[in-house]
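# coords please:
(chains A and B)
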Number of protein chains: 2
Amino acid sequence: MKPNFSLRLRIFNLNCWGIPYLSKHRGDRVKRLGDFLNMESFDLALLEEVWSEQDFQYLRQKLLPTYPAAHYFRSGVIGSGLCVFSKHPIQEFTQHVYTLNGYPYMIHHGDWFCGKAVGLLVLHLSGLVLNAYVTHLHAEYNRQKDIYLAHRVAQAWELAQFIHHTSKKADVVLLCGDLNLHPKDLGCRLLKEWTGLHDAYLETRDFKGSEEGCTMVPENCYVNQRELEAFPFGIRIDYVLYKAVSGFYISCKTLRTTTGHDPHSGTPLSDHEALMATLCVRHSPPQHTPSATHGPAERSRLISVLKEAWAELDLGMAQARWWATFTGYVIGLGLLLLALLCALAAGGGVREVAIMLWTPSVGLLLGAGAVYLFHMQEAKGLSRARAELQHMLGRAREAHDLDPESQAALFLGQQPGTAGGGQI
Amino acid sequence: MKPNFSLRLRIFNLNCWGIPYLSKHRGDRVKRLGDFLNMESFDLALLEEVWSEQDFQYLRQKLLPTYPAAHYFRSGVIGSGLCVFSKHPIQEFTQHVYTLNGYPYMIHHGDWFCGKAVGLLVLHLSGLVLNAYVTHLHAEYNRQKDIYLAHRVAQAWELAQFIHHTSKKADVVLLCGDLNLHPKDLGCRLLKEWTGLHDAYLETRDFKGSEEGCTMVPENCYVNQRELEAFPFGIRIDYVLYKAVSGFYISCKTLRTTTGHDPHSGTPLSDHEALMATLCVRHSPPQHTPSATHGPAERSRLISVLKEAWAELDLGMAQARWWATFTGYVIGLGLLLLALLCALAAGGGVREVAIMLWTPSVGLLLGAGAVYLFHMQEAKGLSRARAELQHMLGRAREAHDLDPESQAALFLGQQPGTAGGGQI
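All right, here's what the predicted structure looks like:
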């Protein structure tokens, strides 16, 4: 690679809102999205909520001349909804399905059936290794009483860990997607602190688009206005995040979003706004590359966010265990009820009523059994993420305590935590 | 790191057969395993089938002075059964739970409930980065009619991909575990060809232990002799596999297995045999490190095994889709039956019989619904692995076709496949 190497990358990201039979004007929007992507000819277009594989196949055919490489990430019962179109050949791809992703009995929310995941693409561009990730985390249905908070934090951690462990030899890391996290939400901070990824919206000097970079805005006719009541400008939950390793420097030259309208005419392309970023990658002498995670201030921030995430997962685990215990009691009660009904049916008298009650009681028993198993699994999943967090917290604290600047801060009254196995 | 750097690693692997209430002499065996590990003081002890977390906690306490670092990989309803004890600090750990792992309705086989996984540990030893993986794949219950074959092949591929993507910056890669695969089984070949891992048993010049390196032998009193009828020496399904990246050279100095008896006295430690390997890592000039995956012969082998795996997953997908279609019909039938029963119950006459049949018909409906969803998910999981395989197959073929030696082979009658998207 030449020392004056420079690479410009044009990236597109959109949550397409492509639910068959439910999303309005789906066919028309997918068609217009295809036209737009063909016209703009991005290097990489990363899409979420393409729930119908037919839509993907339609786009693949339509985009083939401009984006010869494409992939749809399959998972769950329905699919992950994630897909990607690339102007450049895809060297490798794989995916990681999140361990926790809502509850199967919350059928009206549907997330569990999707098998939400993170997809990874490895691209080689002029000798540079680019790891591009696309993801979609669990939706937030009620911000005040968010029953999926622990799951989303666990997903953010799994995402951060997947990126951390699979990008060690990448020169540039790019993450696009709908995180369903506001910029200051725990999951978003955890992801950024642990991976060292930078937020294109916060980094760029040339932004044009919706107010405050929001990706769900009240101007969009597909958005449920009630959901945005507390946020007059809308919410920012879709992101373009990036970083370069030592030896490279990456910056976001421009960032554009749609603003609740079609870029040309007609209705918007989706209920989310599209993100369009122009990134520039340059060579940089290793010593000039700023280290995002090695200063004492960064370490303090990391320790604080790891602690916060640990506490959130701990709460989630207590909740999961409570449900497992509760359904355990329901199973016991169901068994007793069934025995009683059998006795009544055999004894005559209220025989018909007893037989009629068999169905609901067997249903109760099976349902409670399934919910019990599910919450046992949930507790295991949360416990796994908590153990990983705890380990990294211990290591971050050790590094922090060993740091001379942190030692000085300690004497000045700042209190770093103590490193320890079981303690938090 | 010094140029004459050399590192000796003593590794222990055992499938512990630690099923609470079912495995014979479990408590006693765990105790003796602890004594043995303490006495031998390995660098790393990797265990499978430690199903009870209490057993892990007991071992952790007992082994703390010799192995200060330990981790239990939690997943599924029961747990992954995987754990590790290390003499050296563990820098990082994470895990990947296999997407496909048997069927929840095969309760007597139980694999689905375990959440089988691969665990990863990152260790820094004298400046060397060691990625150690421990895993346990789906059991084989009937070799002649193996309904889990596609799942095990998909697991082997996910394992290979996980290692491939997470070990790019590791100097040494180590994989231990119970693969439930014979050395020449498709999954084993796929794993070795894709990752370039070497088999300690085949590589070492100093082997002592059971005949042909078998890890389930008829001499072991816990082994079901009927299962080994076709294999007079036993079967080899537990492995120590390793590789070093360019710049390092790794070899297996010695490999020992137990031989169906306790190393000292009493019954064997498990129904599997333990593997004990001494590995030696040395510096090596990059050009002297043999490349395992870049020659045309290796590429031919890779192409052949990728094709074979693709075909196996394709068969599995057809099977999964057949089950989804079949259960779809059962759901339709169940709905009809329920409507009929409601009509009969309302109409009188055979009312009691109709009401009595409600329970089984509702059960049938719910059961078929769950099985339908499960097989839809299964088809998605297999299709995902097949797509990854197909992509890598295309790339391997392109590389093979571009290779001058392969071109020569082509003229001599060897037929490399054609690279292409949908073709295999």
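# Which strands and helices lie in contact with the strand or helix carrying A:Gln54?
A:Gln54 is located in helix A:53-63, with elements delineated by DSSP states H and E. Counting by 3 or more Cβ pairs under 8 Å, 6 or more residues apart in numbering or on different chains; DSSP states H and E, the packing neighbours recorded for helix A:53-63 are helix A:26-40, strand A:44-50, strand A:69-72, strand A:83-86. (Each C-beta comes from the backbone N, C-alpha and C, glycine too.)
# 7 Å instead?
Under the contact criterion of 3 or more Cβ pairs under 7 Å, 6 or more residues apart in numbering or on different chains; DSSP states H and E, the helices and strands touching helix A:53-63 comprise helix A:26-40, strand A:69-72, strand A:83-86.
# Using CSV, write out every CA atom in it.
Extracted as CSV, the C-alpha positions of helix A:53-63 are listed here (Å, rounded to 0.1, in the frame of the first residue of the first chain):
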residue,chain,number,x,y,z
GLU,A,53,-36.7,-12.6,1.2
GLN,A,54,-38.7,-11.9,-2.0
ASP,A,55,-37.9,-8.2,-1.4
PHE,A,56,-34.3,-9.0,-1.1
GLN,A,57,-34.3,-11.1,-4.3
TYR,A,58,-36.1,-8.3,-6.1
LEU,A,59,-33.5,-5.8,-5.0
ARG,A,60,-30.7,-8.2,-5.8
GLN,A,61,-31.9,-8.5,-9.4
LYS,A,62,-32.5,-4.8,-9.7
LEU,A,63,-29.1,-3.8,-8.2
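# For stretch A:337-350, give the mean pLDDT please.
Confidence for stretch A:337-350, expressed as mean pLDDT, is 79.
# which parts of it are buried?
Using 16 or more other Cβ atoms under 10 Å in any protein chain shown as the test for burial, stretch A:337-350 gives A:Leu337, A:Leu338, A:Leu341, A:Leu344, A:Ala345.
# do the same with stretch A:315-330
A:Gly316, A:Met317, A:Gln319, A:Ala320, A:Arg321, A:Trp323, A:Ala324, A:Thr327, A:Val330.
# sorry, back to before: between the helices and strands packed on helix A:53-63, which one is nearest to A:His261?
Checking the helices and strands packed on helix A:53-63 against A:His261 by Cβ to Cβ gives helix A:26-40 as the closest, at 11.9 Å.
# hmm, who's touching the closest one?
Helix A:26-40 is contacted by residues A:12, A:16, A:18, A:45, A:55, A:58-59, A:62-63, A:66, A:85, A:262-263, A:266, A:269-270 when judged by Cβ atoms under 7 Å, 6 or more residues apart in numbering or on different chains.
# Buried ones in that helix, by neighbour count?
When burial is assessed from 16+ other Cβ under 10 Å, helix A:26-40 yields the following buried residues: A:Arg26, A:Arg29, A:Val30, A:Arg32, A:Leu33, A:Gly34, A:Phe36, A:Leu37, A:Asn38.
# follow-up on the earlier one: who wins on neighbours among the contacts of helix A:26-40?
Among these, the one with the most neighbours (other Cβ atoms under 10 Å in any protein chain shown) is A:Ala45, at 29 neighbours.
# Using the three-state scheme, assign the residue in the stretch 201-350 of chain A that chain B sits nearest to.
When you check the stretch 201-350 of chain A against chain B by Cβ to the nearest Cβ, the closest residue turns out to be A:Ala345, at 9.0 Å. Using DSSP: H, G, I helix; E, B strand; the rest coil, the secondary structure recorded for A:Ala345 is helix.
# what's the closest non-adjacent residue to it?
A:Ala354 (4.3 Å; Cβ to Cβ, 6 or more residues apart in numbering or on different chains).
# tell me the angle the helix or strand containing the one you found makes with helix B:53-63.
Secondary structure assigned from DSSP H and E places A:Ala354 in helix A:351-402. For helix A:351-402 and helix B:53-63, the angle between their directions (axes from the mean of the first three to the mean of the last three Cα atoms, to 10 degrees) works out to 30 degrees.
# what helices or strands is helix A:351-402 leaning on?
The helices and strands touching helix A:351-402, judged by 3+ Cβ pairs under 7 Å, 6+ apart, are helix A:149-166, helix A:296-347, strand B:92-97, helix B:351-402.
# Poorly predicted segments of chain A, please.
With pLDDT under 70 as the threshold, chain A has low-confidence stretches at A:1-3, A:263, A:286-294, A:348-349, A:403-424.
# center of it, which residue is that?
Taking Cα atoms, centre = their mean, the centroid of chain A lies closest to A:Leu137, which sits 3.0 Å from it.
# So it is in contact with A:Asn180, correct?
Yes: using Cβ atoms under 7 Å, A:Leu137 is in contact with A:Asn180, at 4.7 Å.
# Please enumerate the shared neighbours of these two.
If you check A:Leu137 and A:Asn180 against Cβ under 7 Å, 6+ apart, the residues they both contact are A:Arg152.
# which residues are contacting stretch A:199-215?
Residues external to stretch A:199-215 that are found in contact with it (Cβ under 7 Å, 6+ apart): A:192, A:217, A:233-242, A:251-260, A:272-273, A:275, A:277.
# Type out the PyMOL command that picks the buried ones from the residues you listed.
Remark: buried members of these, expressed as a PyMOL selection using 16+ other Cβ under 10 Å:
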select buried, chain A and resi 192+217+234+235+236+237+238+239+240+241+242+251+252+254+255+256+257+258+259+260+272+273+275+277
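# Which ones among the contacts of stretch A:199-215 map onto strands?
Taking DSSP state E as the definition of strands, these contribute A:238-242, A:251-257, A:275, A:277.
# okay, the helices and strands packed on helix A:351-402 in CSV with distance to A:Tyr103 next?
Below are the helices and strands packed on helix A:351-402 laid out as CSV (distance: least, Cβ to Cβ, whole Å):
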stretch, distance to A:Tyr103
helix A:149-166, 9
helix A:296-347, 9
strand B:92-97, 18
helix B:351-402, 14
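# is it true that A:Ala354 touches A:Ala346?
No: A:Ala354 lies out of contact with A:Ala346 (Cβ under 7 Å); the separation is 8.8 Å.
# Look up the residues forming beta bridges with A:Thr278.
A:Arg10, A:Thr254 (DSSP bridges).
# number of nearby residues for it?
Residues lying near A:Thr278 (other Cβ under 10 Å) number 19.
# distance of it from A:Glu40?
As for A:Thr278, its distance to A:Glu40 is 11 Å (criterion: Cβ to Cβ, to the nearest Å).
# Equivalent analysis for A:Gln390, please.
With the distance defined as Cβ to Cβ, A:Gln390 ends up 45 Å from A:Glu40.
# Likewise for A:Asn220?
Taking Cβ to Cβ as the criterion, A:Asn220 is separated from A:Glu40 by 20 Å.
# Next: A:Gly187.
The value you get for A:Gly187 to A:Glu40, if Cβ to Cβ is used, is 30 Å.
# With A:Thr215 instead?
Taking Cβ to Cβ as the measure, A:Thr215 and A:Glu40 are separated by 18 Å.
# just A:Ile331 next, same as before
With Cβ to Cβ as the criterion, A:Ile331 and A:Glu40 are 56 Å apart.
# Repeat that for A:Val223.
Using Cβ to Cβ, which is the criterion applied here, A:Val223 is 24 Å from A:Glu40.
# repeat for A:Tyr103
Computed with Cβ to Cβ, the distance linking A:Tyr103 and A:Glu40 is 39 Å.
# Output the buried residues of stretch A:315-330 in TSV; the columns should cover distance to chain B.
Below are the buried residues of stretch A:315-330 laid out as TSV (distance: Cβ to the nearest Cβ, whole Å):
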residue	distance to chain B
A:Gly316	14
A:Met317	11
A:Gln319	17
A:Ala320	12
A:Arg321	13
A:Trp323	14
A:Ala324	10
A:Thr327	13
A:Val330	17
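# and the stretch 151-300 of chain A, which of its residues are near chain B?
Taking Cβ under 7 Å from any Cβ of the partner chain as the criterion, the neighbours of chain B within the stretch 151-300 of chain A are A:Gln161, A:His165, A:Thr166, A:Lys168, A:Lys169.
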